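Asker: just the structure for this:
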Amino acid sequence: MHLQAQAGLMTTYREPWRNRGVTGVLISVALIAFYCVLYWTEWLSPVAEALGLRNKWFLYGGLYSIGMIGGAAYMLRRHGTSRYHQVRLAVNVSIQVILGFALPYVMPWFEQPEYYFSYFWPLKYDALYPHTLQALPGYMAVWAVFGALVLAPAASLLFGKRWYCSWVCGCGALANTFGDPWRHLTPTSTASWRFEKVAIHASLVIAVVTTLMVVLGQTVGGTAVAGIADEMKQGYGFVFGSILAGVVGTGLYPILGPRVWCRNFCPMAALLGLTQKAGRFRIRVKPDMCISCGNCTTYCEMGIDVRAYAQNNESFTRASCVGCGMCAHVCPRGVLKLEAGQPLSVDLG
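Answerer: Just a heads-up that it's a prediction; the model follows:
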């Protein structure tokens, strides 16, 4: 990609806070503790009120935005030669600050419900629940259904899942920015890949089944069905919405890299990965140019062994790839290129 200038070799394991050392573990413990306090106590509510914020969730949104802005500055200081990253992170931060924090905060001033336009089902797991849709103004309900069932899969077919996972999604945006210092810690073993394939698709199945049960429970189901659906909804919110997306997904950045949630448990990533495989996006490999330096694999935040494809002169589409562009950015010979074009029977370089 002509907008991706390679950065050459960079420090990886030299800094203690980035190499799974004691400092990194302490950071991980602090992040886990913060999410436990956020989800299961009200200790942050007085802090939010003192700052003039509506509740602890807007305090979290503010801290989230600050973390992203700081992470983006850190990331661009190291990879700022890439126009692709400059534009991508500018979009990431803008969407978080505007759609993920400011707009939901001011909407009640205009007698509108708080709404996050950048989150779609199944990532926003309750977005298609009947009671959720009924409580929204008509245009929001239409957006929720259209975004989940039409926009997201169609855009993935055309541009790959990167349009969402690396440009729009708040979870991915935090990984792109705040989590960037630990991207090289993402496991690349065959065992981690096998776990990913099972876990990510199981998450999607669970999300779909839970949504269908809730729809039945809130529309045609009797007391028993409604009770089961409510338990499934609460269980899904606790396990996926709190533990996996927050405590584990972000808390383990300094141990397992920044995409633990995205890679292994996000149902949205699984759904977009399936459509991406059937679409136009791929990573193009220029034949007979790879020198096996391993930069691409080291800096892949999804744990893909990109070097193996490059060594075999094999252009590829992987369901897990979020199109962050780092593999192309760090390649010293410009072997790799992100593209969204029709596959060729022969790669001409």
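Asker: please identify the buried residues of the host helix or strand of Y64?
Answerer: Using DSSP states H and E, Y64 sits within helix 56-79. By neighbour count with 16 or more other C-beta atoms under 10 Å, helix 56-79 contains the buried residues 56-62, 64-65, 67-69, 71-72, 75-76, 79. From N, CA and C alone the C-beta is placed, and that goes for glycine too.
Asker: with stretch 38-58 instead?
Answerer: Within stretch 38-58, the residues scored as buried using 16+ other C-beta under 10 Å are 38, 44, 48, 53, 56-58.
Asker: that one: end-to-end distance?
Answerer: End-to-end distance for stretch 38-58, by C-alpha to C-alpha, to the nearest Å: 11 Å.
Asker: quick one: contacts of that stretch?
Answerer: With contact meaning C-beta atoms under 8 Å, 6 or more residues apart in numbering, stretch 38-58 is reached by 37, 59-60, 62, 101, 105, 108, 242, 246-247.
Asker: now the residues you listed as TSV including pLDDT and distance to H85?
Answerer: Listed next are the contacts of stretch 38-58 as TSV, based on pLDDT from 0 to 100; distance: C-beta to C-beta, whole Å:
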residue	pLDDT	distance to H85
V37	97	33
L59	97	29
Y60	97	26
G62	96	24
F101	96	22
Y105	96	28
P108	95	35
S242	94	31
G246	94	26
V247	96	29
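Asker: and these, which are buried?
Answerer: Buried subset of those (neighbour count, 16+ other C-beta under 10 Å): 59-60, 62, 101, 242, 246-247.
Asker: and these, which two are furthest apart?
Answerer: F101 and V247 (21.5 Å; C-beta to C-beta).
Asker: before we move on, back to that, now the two most distant members of the buried residues of stretch 38-58.
Answerer: Taking C-beta to C-beta as the measure, the buried residues of stretch 38-58 span a maximum distance of 13.5 Å, between L38 and L53.
Asker: would you map out the domains in the chain?
Answerer: Here the domain parsing of the chain from automatic domain parsing is 16-273, 278-340.
Asker: tell me which of those domains is the most buried.
Answerer: Neighbour counts (mean count of other C-beta atoms under 10 Å) averaged over each of these peak at domain 278-340, with a mean of 20.
Asker: quick check, distance from that domain to the centre of its chain.
Answerer: Distance, stretch centre to chain centre, for domain 278-340: 19 Å (C-alpha atoms, centre = their mean, to the nearest Å).
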